[in-house]
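Q: Need the 3D shape of this:
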Amino acid sequence: MADLQNDIPTIEVGADDGLPDDPFPRRPVAELLAQAHELLAAHPVADGYSGLPWALRHLSWYDLELGEAAIDTDVPRMREGHVGALFWSLHLPEGSGGERAAAATLEQLDQARAVIEAHPEGLRLARTAGQVIDARNCGRIAVLLGPAHGAAVDDSLGILRILHTLGLRVLTLAGTAWAGASGLTRFGEEVVREMNRLGVIADVTGASAVTAARTLALSKTPVLCSRSAARVLRPHPANLPDDLLAALGAAKGLCMVPLTAEQTGPTVRDVADHLDHVRDVAGPECVGLSGTYDSGAVHPRDLADASRYPHLIAELLRRGWSEAELALLTWGNVQRVLRSADFTARAAQHRREASTARIGDLDAS
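A: Sure, this is the predicted structure:
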């Protein structure tokens with residue numbers, strides 16, 4: 001910490017930097033960063049989206065505990081950034097999955113588990129909210145598997161159950177035959193019910209408005225948008241309009257704002273603007289963070305890798321976010337969603353048998 005503070009510039013956040021209309025007060029960077037580190041030590045970041053598993057496929061050798069300059073995420077930088085948990089994306093780059101999406105996702109699951117096992121001093125696989133807390137108490141960074149693309153299910157609830165058995169916690173619905181532009185089909189609704197029974201969380205990032213709305217209404221557990229910011233501030237197709245943000249908030253879902261220049265803008269202040277807006281529209285209990293590191297995205301200045309979260313928290317402190325709001329943003333909201341999914345799954349498994357529905361029977365034309 002001392003070495004870090006020796007490198008902190010003496011400029012003031014909010015000083016005359018080309019933004020004369022900035023309404024927030026000026027405070028020394030060193031003071032804000034010290035406060036941010038203190039807060040994150042108590043309420044670490046639960047990062048909603050990391051592309052690390054796919055990025056590691058292109059490295060012939062790596063050691064995440066020692067540190068790896070070729071990627072954005074390793075254990076030393078996660079510790080510097082106070083990352084306590086992160087979701088490892090099992091998404092496939094566009095054009096790489098195709099008809100073998102299920103097999104490719106299983107391969108990524110296998111690789112992710114192998115990576116975690118090879119770094120036992122830094123990482124620990126977590127399946128439940130309780131295991132996330134256990135990992136933190138043991139000084140490890142909890143890794144949750146998902147989101148995976150809905151195509152990985154291959155229109156089979158049996159495959160969904162196998163993926164869950166291997167550790168999958170989040171499934172993205174968009175881009176499947178049963179969750180398209182017209183909304184959830186009957187089979188799509190059965191997928192959501194079975195996800196609730198298993199404890200797999202639905203991710204509606206990129207889904208049509210009607211699919212997102214129906215999923216919010218149907219799901220008995222909170223729904224995620226794993227990489228969505230405010231469309232009113234930046235018209236990216238994955239960003240959410242205010243009506244969907246409000247619906248997500250009303251359903252106690254979670255909008256995880258990505259730290260990418262494409263979706264949120266090129267500066268820390270742009271990211272903070274989106275977080276402000278999502279908090280104001282959906283509520284402080286419905287906003288989270290997705291680093292989207294190692295996903296090929298370009299990141300805003302000062303948020304280049306997983307060590308930089310304190311800089312974002314410092315900006316939010318300057319804007320007047322309370323410690324309670326920041327604790328929800330970084331850690332509490334993700335824990336709430338995981339606990340809700342765990343509780344609902346335990347209850348549902350006593351009431352509902354595993355579904356044997358087939359897409360050809362429910363969605364026959």
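Q: Quick one: low-confidence residue ranges for the stretch 1-150 of the chain.
A: Residues of the stretch 1-150 of the chain meeting the criterion pLDDT under 70: 1-21, 94-99.
Q: mind checking the SS state of residue 295?
A: Put simply, residue 295 is coil when judged by DSSP: H, G, I helix; E, B strand; the rest coil.
Q: just checking, residue 204 touches residue 212?
A: Yes: counting by Cβ atoms under 8 Å, residue 212 is a contact partner of residue 204 at 4.3 Å. (C-beta placed from N, C-alpha, C; glycine too.)
Q: any common contacting residues for the two?
A: Residues touching both residue 204 and residue 212 (Cβ atoms under 8 Å, 6 or more residues apart in numbering): residue 223.
Q: In the stretch 201-350 of the chain, what residue spans correspond to helices?
A: Using DSSP state H, counting those that start in this stretch, the helices of the stretch 201-350 of the chain run over 209-218, 242-250, 261-264, 268-282, 309-318, 323-327, 333-351.
Q: quick one, which of those is nearest to residue 31?
A: helix 309-318 (8.9 Å; Cβ to Cβ).
Q: where do the strands sit along the stretch 101-250 of the chain?
A: For the stretch 101-250 of the chain, applying DSSP state E, counting those that start in this stretch gives strands covering 123-125, 141-145, 148-149, 170-172, 179-180, 183-184, 201-203, 224-225.
Q: Report all helices and strands that the longest one contacts.
A: If I follow you right, that is strand 141-145. Applying 3 or more Cβ pairs under 8 Å, 6 or more residues apart in numbering; DSSP states H and E, we find strand 141-145 packed against helix 75-80, strand 83-88, helix 101-118, strand 123-125, helix 129-137.
Q: Among the ones you listed, which comes closest to residue 26?
A: Closest to residue 26 of the helices and strands packed on strand 141-145, according to Cβ to Cβ: helix 75-80, at 25.8 Å.
Q: Residue 103 versus residue 215, what's the distance?
A: Separation of residue 215 from residue 103 (Cβ to Cβ, to the nearest Å) stands at 26 Å.
Q: which of the two has more neighbours?
A: Neighbours per residue (other Cβ atoms under 10 Å) separate residue 215 from residue 103, with residue 215 holding more: 25 against 12.
Q: Pretty sure that one sits against residue 192.
A: Yes: using Cβ under 8 Å, residue 215 is in contact with residue 192, at 6.0 Å.
Q: Return every residue with contacts to both of the two.
A: The contact sets of residue 215 and residue 192 overlap at 173, 184, 202 (Cβ under 8 Å, 6+ apart).
Q: Now render these as CSV, adding pLDDT, distance to residue 80 and neighbour count.
A: Listed next are these as CSV, based on pLDDT from 0 to 100; distance: Cβ to Cβ, whole Å; neighbours: other Cβ atoms under 10 Å:
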residue, pLDDT, distance to residue 80, neighbour count
173, 97, 35, 28
184, 98, 42, 25
202, 98, 33, 27
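Q: Let me know the closest of the residues you listed to residue 237.
A: Checking those against residue 237 with Cβ to Cβ, the nearest one is residue 173 at 15.4 Å.
Q: Now the closest one: closest residue in space, sequence neighbours ignored.
A: residue 179 (4.0 Å; Cβ to Cβ, 6 or more residues apart in numbering).
Q: The one you found: what's it in contact with?
A: Neighbour list for residue 179: 150, 173, 185, 188, 191, 207, 211, 215 [criterion: Cβ under 8 Å, 6+ apart].
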